[in-house]
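Asker: sequence below, structure please.
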Amino acid sequence: MPSTFLHASPAGDDFRPTASLEMLRFRAELLRRTRDFFDRRGFLEVETPVLSADTVVDRHLDPFEVEVGRLPVDADKGGQATHGTGHYYLQTSPEFAMKRLLAAGAEAIYQVARVFRRDESGPLHNPEFTMVEWYRAGDDYDAGMTLLSELAETLFSRGPAERISYREAFEQYVGLDPHAARTDQIVAAVRERRIDAPASLSLADRDSWLDLLLIDLVQPQLGRTRPVILYDYPAMQSLLARVRDDGRGGKVAERFELYVDGIELANGYHELTDAEELARRNVQNNLQRQLDGKWPLPGESRLLAAMRAGLPQSTGVAMGFDRVVMLAAGAKTLAEVIPFPFDRA
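Answerer: Prediction:
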C-alpha cells in the first residue's frame, strides 16, 4: 500500500488497549450471561443494519451521518443502482428495525448491537458503544419492568429492582411534584440549589429544567443498595412510549429507566403503536432540534409504514452494556472496560 494511505503512528503506547485482558474476559462472561438470560426465555437473537436511511428522531440524540453518492449496482438489472443516493445514518439504536421485525410477526427478540452517537465522550460516554436491546410482543408496562428487574438481578446479584415513580422521586429528593408544579417553580428550584444551567436555556423549556434537577438531585440517590426502576415520566418526555392519564387530571409517559449506583443503565417503553402520533412527535422533535441549532432528521421512515401495517402491543428496552460491565466490575470509567475508546480507535 502506498505510504500516503497509511495513518501516522501515534506517539507512545497509544496502540495498547485501555482495558486489561482480565477485564475483557469478565466482559465476555457478562455477555454470555446476558445472552443466556434471553435464550432461556425463548428470545431470538437478531441482527439489523448499522447503516440505514432511517434514524430515531430525538431532540438530544445526534447520529453520525454518511453521505452515499455511489451505491452498489445490480448486474441483473443492467447495472442499475439498487437504492437511491442520499444521507444514511449510523444507528443510535436498533429500535426502528427491530420494531419492523415485530410488525412482521416476530414475538420475542433481542440484539447485541454496536451503536453510535455524536458528541458523547467522557468517563461514562463513548461515541461508539454496545447496546443490548430487546422487545417482546404482548408484554404490558408491568411485564416490561419485571423482565428488566430479572435481568438486573442476573447481572448484579443485588436483589430485584425497587420501583419508584418519577413523581415520588422528585417529591422525596427535590420537594416538588414534577407533573403539577409550574415551570417557574421548577426553574426556581434549580436556582435555589445553585445548579448550573446553560445561559441559552429558555425559561419555557420545562423538560430541560426538570432534567437538571433529575441529574443533580435525583439520579445520584438511585440504586445505591439495590437497582431502582424509575417510571411514569412526564408526558412531554414520552419519545416512543405510550401516554396515559395519571389519575390526578394529568398525563404520564409509560417510560421506565434502570439505575444502579446513581447511573442510568437502561431506558424502556410500553411501546407506542399509533403511527400518526409518532409522525406528530417527529415533527415536534424536529422543530425543537432546529430551535436548539441542530439539523432536522427524516420524519418519514419504514417504521411508520410498519406501524401503519400493524405493530403489536409490546415493551422494549435498550441497555448500555459497557456501563453494566463498568459497574459490575467496580470500575470508574468506560475506558477501563472497552479495549479501544474513541481516542484510540
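
Asker: who are the neighbours of the longest helix that the chain contains, in terms of helices and strands?
Answerer: What stands out as the longest helix in the chain, according to DSSP state H, is helix 21-40. Judged by 3 or more CB pairs under 8 Å, 6 or more residues apart in numbering; DSSP states H and E, helix 21-40 is in contact with strand 44-45, strand 108-116, helix 141-156, helix 321-329. Heads up, the C-betas are built off the backbone N, CA and C, glycines and all.

Asker: how about the residue nearest to residue 190 when sequence neighbours are not counted, phi and psi?
Answerer: Once flanking residues are discounted, residue 190 sits nearest to residue 212: 5.2 Å by CB to CB, 6 or more residues apart in numbering. With angles defined as degrees, to the nearest 10, residue 212 sits at phi -60, psi -40.

Asker: how many residues are close by residue 212?
Answerer: By the measure other CB atoms under 10 Å, the count of residues near residue 212 is 19.

Asker: try residue 321
Answerer: 23.

Asker: put the alpha carbons of stretch 193-213 into PDB.
Answerer: Extracted in PDB, the C-alpha atoms of stretch 193-213 (Å, rounded to 0.1, in the frame of the first residue of the first chain):
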ATOM      1  CA  ARG A 193     -29.900  24.800  44.700                       C
ATOM      2  CA  ARG A 194     -27.300  26.700  42.600                       C
ATOM      3  CA  ILE A 195     -27.300  24.100  39.800                       C
ATOM      4  CA  ASP A 196     -25.500  25.400  36.700                       C
ATOM      5  CA  ALA A 197     -27.900  26.000  33.800                       C
ATOM      6  CA  PRO A 198     -26.800  26.900  30.300                       C
ATOM      7  CA  ALA A 199     -27.200  30.600  29.700                       C
ATOM      8  CA  SER A 200     -29.100  29.800  26.500                       C
ATOM      9  CA  LEU A 201     -31.700  27.700  28.300                       C
ATOM     10  CA  SER A 202     -35.200  29.100  27.700                       C
ATOM     11  CA  LEU A 203     -37.300  29.700  30.800                       C
ATOM     12  CA  ALA A 204     -40.100  28.000  29.000                       C
ATOM     13  CA  ASP A 205     -38.100  24.800  28.300                       C
ATOM     14  CA  ARG A 206     -39.800  22.800  31.200                       C
ATOM     15  CA  ASP A 207     -38.200  19.400  30.300                       C
ATOM     16  CA  SER A 208     -34.700  20.700  30.300                       C
ATOM     17  CA  TRP A 209     -35.100  22.300  33.700                       C
ATOM     18  CA  LEU A 210     -36.600  19.100  35.000                       C
ATOM     19  CA  ASP A 211     -33.600  17.200  33.600                       C
ATOM     20  CA  LEU A 212     -31.200  19.500  35.600                       C
ATOM     21  CA  LEU A 213     -33.000  18.500  38.800                       C
END
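
Asker: mind listing the strands for the stretch 151-300 of the chain?
Answerer: 162-165, 228-234, 243-245, 251-260, 263-270 (DSSP state E, counting those that start in this stretch).

Asker: in JSON lines, list these along with mean pLDDT, mean neighbour count and distance to residue 191.
Answerer: Formatted as JSON lines, the strands of the stretch 151-300 of the chain follow (pLDDT from 0 to 100; neighbours: other CB atoms under 10 Å; distance: least, CB to CB, whole Å):
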{"stretch": "strand 162-165", "mean pLDDT": "98", "mean neighbour count": "18", "distance to residue 191": "25"}
{"stretch": "strand 228-234", "mean pLDDT": "98", "mean neighbour count": "24", "distance to residue 191": "20"}
{"stretch": "strand 243-245", "mean pLDDT": "97", "mean neighbour count": "14", "distance to residue 191": "30"}
{"stretch": "strand 251-260", "mean pLDDT": "98", "mean neighbour count": "23", "distance to residue 191": "25"}
{"stretch": "strand 263-270", "mean pLDDT": "98", "mean neighbour count": "23", "distance to residue 191": "25"}
